[in-house]
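J.: sharing a sequence plus its predicted fold:
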There are 2 protein chains.
Amino acid sequence: MSDFQAWATAAQARTENVLSALLPPPDIAPQRLHQAMRYAVLGGGKRVRALLAYAAGELCNANAEQVDLAAASVELIHAYSLVHDDLPCMDDDDLRRGKPSCHKQFDEATALLVGDALQTLAFQVLAKPEAFPDARQQVTMIHLLTQASGSRGMAGGQAIDLASVGLSLTQQELEFMHIHKTGALIRAAALLGAHSAPLQDETRTRALDHYAKCIGLAFQVVDDILDDQADTATLGKTAGKDAEQNKPTYVTILGLERAKALADELHADAIASITPFGEQGQRLVQLADFITGRAY
Amino acid sequence: MSDFQAWATAAQARTENVLSALLPPPDIAPQRLHQAMRYAVLGGGKRVRALLAYAAGELCNANAEQVDLAAASVELIHAYSLVHDDLPCMDDDDLRRGKPSCHKQFDEATALLVGDALQTLAFQVLAKPEAFPDARQQVTMIHLLTQASGSRGMAGGQAIDLASVGLSLTQQELEFMHIHKTGALIRAAALLGAHSAPLQDETRTRALDHYAKCIGLAFQVVDDILDDQADTATLGKTAGKDAEQNKPTYVTILGLERAKALADELHADAIASITPFGEQGQRLVQLADFITGRAY
């Protein structure tokens, strides 16, 4: 196992433990809701956003303990978005991470409330009184996560995505959608990791911001490539749905080869912004490799 | 027009203006989502939660300007919950405040995202950097709103409500549901109003807490009475749905007369906790009258 794999595995396990401790226990009322929340969050996922938060923390001299709440909060927002995204009125997906999606395992009303309550929990985690030494910094972090999640961030991206079904988008329009739909939260993951540090370093935060924007887009380009190529069994979710729903993707707009070239370019750009920081940026560099070269 | 009516009308108009300024403009992308968010929030509602926040502010020496963000944040949470509650997989309601509900006016996917984005906006409003003089106080307010909204607050109450359809609940079980479903946010409205004050007074906050618990429950008892009696035209929403869906209510459990007596009792209890503060509590006393004696 490579050094990076060992680090990632440890960070994923750490994320799982932190999330499990933050989620309400399954035996506390309302039990079914709490069981469904745990089902939707625990036991799966690559935790890319949490890994990003921890790696960004390393760049900014925050230890893992200081980053735990930031990592958990972005994973909770991500989990809520998947639960709502899978609902029949949205993407209508029966499979998620190789398991029945939340509304299939429970029911639609429960899944709706699961998403709602997970979003609340994400902010609750960051708003725990005294969780961070500087309350003003804490308010900044919460605000940052709201910007990434709301109508001018992730939720807005979903709306643009919905509106684009069956339309022929330009690359620029597709990018605008992804910057909101997935990019905003990936960027927030990196920035929240940085903000978890006891001292703020603006040069590093700016570099991280650029890195995260590139890697967020690369992540989406790779996702489109995988969705085009992989079969359902390998992917753990229903493959080829984008094409089936006539959704524009980087592959449909650019073709496979140019989509791959774009992913490589974004990957190189992300790494270039981090290399000046040497050893402390190594996890971010490895993470960029992992995200663009990832195999399920 | 009574002094209270004039005050309430002014506070409702104030709330409308504050919300309109905080909601994203309808011409900013994604336009349809932003238009739907504004549709769901603006132009209606009694703004009971905002009135409570302003009245609590008066008790605690906060002026209206200082309470604006608190009042808006609870109204945004309330509005999100109505949009999701009206969805087909939940209460499946076509009417809200005399207009088509959000998913009828737009579509289900948009309504889902509207609720999601309104929840985010509620926290964004409170997390605006420097919005409050004391950042630690600000974090406390955000945390308070998450507790009231999440799986052990409002969303949890919805889950308990769903699970109780067709069951015969005891009065105690019904109360447990309502304390979560509506009580938690009403309590948060009062407490956030109090926390908006520059100086905190624990005696007043404790009295407010008791007041809000009583009035929250009274609000629900009255709602059940109205739902039992009113017709759809007067109510502005589909009447008699609870009975039709075989949901337990205070009227079905206690009968009409005992339900009315309970509302009176809770009303008296609420007022008793506020009277020691004389003139500064008058809006809260009038608000208790308004809530229990209200006519649509």
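T.: Structure's in. What do you need?
J.: hey, let's count contacts and neighbours off CA atoms from now on
T.: Will do.
J.: contacts only, for the residue of the stretch 151-296 of chain A found nearest chain B.
T.: Closest approach between the stretch 151-296 of chain A and chain B, counting by CA to the nearest CA: A:Ser151, at 5.3 Å. By CA atoms under 8 Å, 6 or more residues apart in numbering or on different chains, the residues touching A:Ser151 are A:Gly157, B:Pro30, B:Leu33, B:His34, B:Ala117.
J.: the first one touches A:Glu175, doesn't it?
T.: Spelled out, it's A:Gly157. No - if you go by CA atoms under 8 Å, A:Gly157 and A:Glu175 don't touch, sitting 10.2 Å apart.
J.: what about the two, which has more around it?
T.: The residue with more neighbours, out of A:Gly157 and A:Glu175, is A:Gly157; 25 against 18, by other CA atoms under 10 Å in any protein chain shown.
J.: in contact with the more buried one, which residues?
T.: A:Gly157 makes contact with A:Ser151, A:Met177, A:His178, A:Ile179, A:His180, A:Lys181, A:Thr182, B:Pro30, according to CA under 8 Å, 6+ apart.
J.: where does chain A dip in pLDDT?
T.: A:1, A:231-245, A:294-296 (pLDDT under 70).
J.: residue boundaries of the strands in it?
T.: Assigned by DSSP state E, the strands in chain A fall at A:95-96, A:99-100.
J.: what is the burial count for the residue nearest to A:Asp161 when sequence neighbours are not counted?
T.: If the residues on either side of it in the chain are set aside, A:Asp161 comes closest to A:Met177, at 6.4 Å by CA to CA, 6 or more residues apart in numbering or on different chains. By other CA under 10 Å, the residues close to A:Met177 number 24.
J.: quick check, A:Met177 in contact with A:Ala163.
T.: No - in this structure, A:Met177 is not within contact of A:Ala163 by CA under 8 Å, at 10.1 Å.
J.: how many neighbours does A:Pro133 have?
T.: Count around A:Pro133 with other CA under 10 Å applied: 12.
J.: ok, the contacts of A:Ser151 vs B:Arg47, which is closest?
T.: Nearest to B:Arg47 among the contacts of A:Ser151 is B:Ala117, at 19.6 Å by CA to CA.
J.: which of the contacts of A:Gly157 sit farthest apart?
T.: Among the contacts of A:Gly157, A:Thr182 and B:Pro30 lie farthest apart (CA to CA), at 15.2 Å.
J.: name the member of the contacts of A:Gly157 with the most neighbours.
T.: That'd be A:Ser151 among these, by other CA under 10 Å, with 30 neighbours.
J.: look up how far B:Leu191 lies from that residue.
T.: Distance of A:Ser151 to B:Leu191, given as CA to CA, to the nearest Å: 27 Å.
J.: out of the strands of chain A, which is closest to A:Ala127?
T.: Nearest of the strands of chain A (CA to CA): strand A:95-96, 29.3 Å.
J.: quickly run through the sheet partners of the closest one, with directions.
T.: Paired strands of strand A:95-96, with direction, are strand A:99-100 (antiparallel) (DSSP bridges).
J.: off-centre distance for the strand it pairs with?
T.: 19 Å (CA atoms, centre = their mean, to the nearest Å).
J.: ok, now stretch A:214-227?
T.: On CA atoms, centre = their mean, the centre of stretch A:214-227 falls 12 Å from that of its chain.
J.: just the CA coordinates for that stretch, please, in CSV.
T.: The C-alpha trace of stretch A:214-227 is given here as CSV (Å, rounded to 0.1, in the frame of the first residue of the first chain):
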residue,chain,number,x,y,z
CYS,A,214,-9.3,23.3,-10.7
ILE,A,215,-9.7,20.0,-8.9
GLY,A,216,-13.5,20.5,-8.6
LEU,A,217,-13.9,20.9,-12.3
ALA,A,218,-11.4,18.0,-13.0
PHE,A,219,-13.5,15.9,-10.7
GLN,A,220,-16.6,16.6,-12.8
VAL,A,221,-14.9,16.0,-16.1
VAL,A,222,-13.6,12.6,-14.8
ASP,A,223,-17.1,11.8,-13.5
ASP,A,224,-18.5,12.4,-17.0
ILE,A,225,-15.8,10.2,-18.5
LEU,A,226,-16.5,7.5,-16.0
ASP,A,227,-20.2,7.8,-16.5
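J.: contacts for it?
T.: A:175, A:178-179, A:182-184, A:186-187, A:239-242, A:249-251, A:256, A:259-260, A:262-264, A:266-267, A:269-270, A:288, A:291-292.
J.: apply 7 Å and report the result again.
T.: A:178-179, A:182-183, A:186, A:239-240, A:249-251, A:256, A:259, A:263, A:266-267, A:269-270, A:288, A:291-292 (CA atoms under 7 Å, 6 or more residues apart in numbering or on different chains).
J.: what does chain A put close to chain B?
T.: By CA under 7 Å from any CA of the partner chain, the residues of chain A that approach chain B are A:30, A:33, A:89-90, A:108-110, A:113, A:116-117, A:120-121, A:123-124, A:127-129, A:135-136, A:139-140, A:142-143, A:146, A:149-151, A:155-156, A:159-160.
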